[in-house]
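Colleague: got a sequence here, can you build the structure:
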Amino acid sequence: MTSRSGGQCDILITGGHLVDGTGAAPVVADVAVTGDRITAVGKLDGMTANTRVDAADLIVAPGFIDVHTHDDRAVLSGPDMTPKISQGVTTVVAGNCGVSLAPLRTETAPPPPMNLLGDQEWYRFPSLGEYRDAFAAEAPSVNLAMLVGHSTLRTGAMDELTRAATAEETNRMAEALEQAMEQGALGLSTGLAYATAEAAPTEEVKELARRMAPYGGLYTTHMRDEGDYLLEAVEEALDIGRDAGARVVISHHKATGRENWGKTKDSLTRIAEARAEQAVDLDVYPYTASSTVLVADWIEGCEKVLISWSESHPEVAGRDLVDIAREWGCSRLEAADKLQPAGAIYFQMQEEDLQRVLSFPRAMIGSDGLPHDARPHPRLWGTFPRILGHYCRDLGLFTLEEAVHRMTGIPAEVFGFKDRGRVAVGCIADLVLFDRSQVIDRADYAAPTTAADGIRNVIVNGQIVWDGEAVTAARPGRFLERNGAGSV
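Modeller: Numbering: from 1, shown residues only. This next block holds a predicted model:
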């Protein structure tokens, strides 16, 4: 914190309550931005600026980092990225759950869940470098970092996904992974619960993680099971990380199915124990319903299932599977079969478990939103304001500075985003200004694409991309490499 009289900057944010991303308590301070950097923080009387932003009664924080997204295609097909910018997100981590657009070129329809990102037209990037070129050409408003999907690697190397890879196929996957790491990937992601990867033995994943680890990559995982075998799946994830010497991030941690409610007590205890011996973190979204492709085997354990999209019956998007089956005079499973290919929202978690995971020290926030669903889960538009409004302000689950720390400083540390996630002199100017008393999610299951309230301004790499209630024309997003500021 400094005191300065005079001087010039591009953007001067005055009188805000600064929550700097480190977990420190709020302080009143001005913030000066010049170019893409924060150049002064403190009492900046007399400083002149091309743009002045009055932040009195507002919180000034680092831009939020959405650590778990499926925005690989969204940054290309909708580069204004309104669902994310409108809730204060300035950086997205894509390529999660074993699914990434690159490195893969295919002329056949991608299998579920890879079709969540689009058809074969979108799987046209045989290298991460070519995907990066497309990203630069579209110039999105957010920063993006990319994981390499295990299912994507399998699809590119194997003719049949319902078996283990051979040694030769594993080596082809590893070579593609190594090339992607050299071209700026953050690490490897798996989706071991899906048909594209469930046949993969632990050793197959270990070999890929070993080949990735020398590049400083991390291992993120949609684990093999989040229900009956949750604890065993946690052990597998920890084992893979230990074997490779790689940091582990457990994706969207939860306990699914009524008979498994409460298991997060044991899973979080195990993760906490493991943290004393290895680098392991987790992310979570603030909802008790999940969403992905429609999988018949997952229906029975749910309290309710909503259809989010269907290629064969697009008119049913947003409807309850029970109502569809009743209307068609068939069982839920028969209806699900008729709807394929399709996506669904599964109500299968307990609020107590959710709050337990949210309260876990260092738990990061990830939306896991699916931007191409006809009726998406509301987490796509509402995750971060829901944390700030409902769970922080209204329920008092954690302090404001802790909530911001989970969305900024911790993710920047875990994913290696140099000079981001903090408001400090010399850091990149990714910033969000919000009204603490008004911030709240407005998206729900009936109206899932409703923008949140309370987000006033969003700045990415020193440029204002959200000004009150709409995106601006600025498109300053960058592709972020691990431990780098990111390419322009």
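Colleague: pLDDT below threshold where in the stretch 251-400 of the chain?
Modeller: Within the stretch 251-400 of the chain, no stretch has pLDDT under 70.
Colleague: give me the distance between the most centrally placed residue in the chain and Gly118.
Modeller: Residue closest to the average C-alpha location in the chain (CA atoms, centre = their mean): His68, at 1.9 Å. With the distance defined as CB to CB, to the nearest Å, His68 ends up 19 Å from Gly118. (Each C-beta comes from the backbone N, C-alpha and C, glycine too.)
Colleague: tell me, how many residues neighbour Gly396?
Modeller: 8 (other CB atoms under 10 Å).
Colleague: tell me the contacts of it?
Modeller: Contact analysis of Gly396 by CB atoms under 8 Å, 6 or more residues apart in numbering lists nothing.
Colleague: what's the distance between it and Val414?
Modeller: 25 Å.
Colleague: thought Ala197 was touching Arg154?
Modeller: Yes. Taking CB atoms under 8 Å as the definition, Ala197 is a contact partner of Arg154 at 6.4 Å.
Colleague: now do the shared contacts for those two.
Modeller: Common neighbours of Ala197 and Arg154 (CB under 8 Å, 6+ apart) are Leu161.
Colleague: in which helix or strand would I find Gly129?
Modeller: helix 128-138 (DSSP states H and E).
Colleague: before we move on, what about Glu273?
Modeller: For Glu273, the enclosing helix or strand under DSSP H and E is helix 264-274.
Colleague: contact partners of that helix?
Modeller: For helix 264-274, using CB under 8 Å, 6+ apart, the contacting residues are 230-231, 234-235, 238, 250, 253-255, 280, 282, 353, 356-357, 360-361.
Colleague: who touches the nearest residue to Ala336 once chain neighbours are set aside in this structure?
Modeller: Nearest residue to Ala336 in three dimensions, chain neighbours excluded: Ala296, at 5.0 Å (CB to CB, 6 or more residues apart in numbering). Taking CB under 8 Å, 6+ apart, we find Ala296 in contact with Leu333, Ala336, Asp337.
Colleague: most neighbours among those residues, which one?
Modeller: Ala336 (24 neighbours).
Colleague: buried residues in the helix holding Glu273?
Modeller: Across helix 264-274, burial judged by 16 or more other CB atoms under 10 Å covers Thr264, Ser267, Leu268, Arg270, Ile271, Ala274.
Colleague: beta partners of Leu431?
Modeller: Pro62, Ile459 (DSSP bridges).
Colleague: ok, it touching Asp36?
Modeller: No. Leu431 is beyond contact range of Asp36, at 11.3 Å (criterion: CB under 8 Å).
Colleague: neighbour count: these two, which is higher?
Modeller: Shown here are Leu431 and Asp36; by other CB under 10 Å, Leu431 has more neighbours (27 against 21).
Colleague: do you know how far that one is from Met364?
Modeller: Separation of Leu431 from Met364 (CB to CB) stands at 19 Å.
Colleague: all helices in the protein, in order from the N-terminus.
Modeller: Assigned by DSSP state H, the chain shows helices spanning 74-77, 82-85, 128-138, 150-157, 167-182, 202-212, 230-244, 264-274, 321-328, 332-339, 351-358, 379-386, 400-407, 409-415.
Colleague: ranking those helices by burial, who's on top?
Modeller: helix 379-386 (a mean of 28; mean count of other CB atoms under 10 Å).
Colleague: which residues touch the nearest residue to Glu226 once chain neighbours are set aside?
Modeller: Closest residue to Glu226 apart from its sequence neighbours, by CB to CB, 6+ apart: Thr256 at 4.9 Å. Going by CB under 8 Å, 6+ apart, Thr256 touches Glu226, Gly227, Ser290, Gly301, Tyr346, Gln348, Met349.
Colleague: and those residues, which are buried?
Modeller: Buried, going by 16+ other CB under 10 Å: Glu226, Gly227, Ser290, Tyr346, Gln348, Met349, out of the contacts of Thr256.
Colleague: go through those and name the one nearest Leu12.
Modeller: The nearest member of the buried ones among the contacts of Thr256 to Leu12, counting by CB to CB, is Ser290 at 43.0 Å.
Colleague: how about the closest residue to that closest one other than its chain neighbours, what does it touch?
Modeller: Closest residue in space to Ser290, ignoring its immediate chain neighbours: Tyr346 at 4.9 Å, by CB to CB, 6+ apart. Counting by CB under 8 Å, 6+ apart, Tyr346 touches Thr256, Ala289, Ser290, Ser291, Thr292, Trp298, Ile299, Cys302, Val305.
Colleague: show me how this protein divides into domains.
Modeller: 63-289+346-418, 290-345 (automatic domain parsing).
Colleague: let's have those domains in JSON lines, adding distance to Gly16.
Modeller: Formatted as JSON lines, the domains of the chain follow (distance: least, CB to CB, whole Å):
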{"stretch": "domain 63-289+346-418", "distance to Gly16": "13"}
{"stretch": "domain 290-345", "distance to Gly16": "35"}
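Colleague: quick one: closest of these to Ile11.
Modeller: Checking the domains of the chain against Ile11 by CB to CB gives domain 63-289+346-418 as the closest, at 13.7 Å.
Colleague: residues contacting the residue nearest to Lys84 when sequence neighbours are not counted?
Modeller: Using CB to CB, 6+ apart and skipping residues adjacent in sequence, the residue nearest Lys84 is Val142, 5.7 Å away. Taking CB under 8 Å, 6+ apart as the criterion, Val142 is in contact with Asp71, Val75, Met81, Lys84, Ile85, Val89, Thr90, Thr91, Val92, Val460, Val465, Gly477.
Colleague: what's the answer for Arg362, then?
Modeller: Shown in contact with Arg362 (CB under 8 Å, 6+ apart): Asp281, Arg406, Ile410.
Colleague: run the last query once more with 6 Å
Modeller: By CB atoms under 6 Å, 6 or more residues apart in numbering, the contact set of Arg362 is Ile410.
Colleague: can you count the residues close to Ile440?
Modeller: 17.
Colleague: spatially nearest residue to it, not counting backbone neighbours?
Modeller: Gly389 (3.5 Å).
Colleague: distance of the one you found from Ile65?
Modeller: To Ile65, Gly389 is 19 Å away according to CB to CB.
Colleague: more neighbours: the two, which one.
Modeller: Ile65 (31 against 23).
Colleague: check what pLDDT the more buried one gets.
Modeller: What the model reports as pLDDT for Ile65 is 98.
Colleague: then Ala485?
Modeller: Here, the pLDDT recorded for Ala485 equals 55.
Colleague: so that it lines up with my notes, have the first residue be 57 from now on.
Modeller: Okay, using 57 as the starting number, the last item reads as Ala541.
Colleague: dump the C-alpha coordinates for stretch 273-283 into PDB.
Modeller: What follows is stretch 273-283, C-alpha atoms only, in PDB (Å, rounded to 0.1, in the frame of the first residue of the first chain):
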ATOM      1  CA  GLY A 273       1.900 -30.500 -15.100                       C
ATOM      2  CA  LEU A 274      -0.900 -31.400 -12.800                       C
ATOM      3  CA  TYR A 275      -3.400 -34.200 -12.800                       C
ATOM      4  CA  THR A 276      -7.100 -33.300 -12.500                       C
ATOM      5  CA  THR A 277      -9.800 -36.000 -12.300                       C
ATOM      6  CA  HIS A 278     -13.500 -36.600 -12.600                       C
ATOM      7  CA  MET A 279     -12.900 -39.700 -10.500                       C
ATOM      8  CA  ARG A 280     -14.000 -43.200 -11.400                       C
ATOM      9  CA  ASP A 281     -16.800 -43.100  -8.900                       C
ATOM     10  CA  GLU A 282     -18.500 -40.400  -6.700                       C
ATOM     11  CA  GLY A 283     -21.100 -42.700  -5.100                       C
END
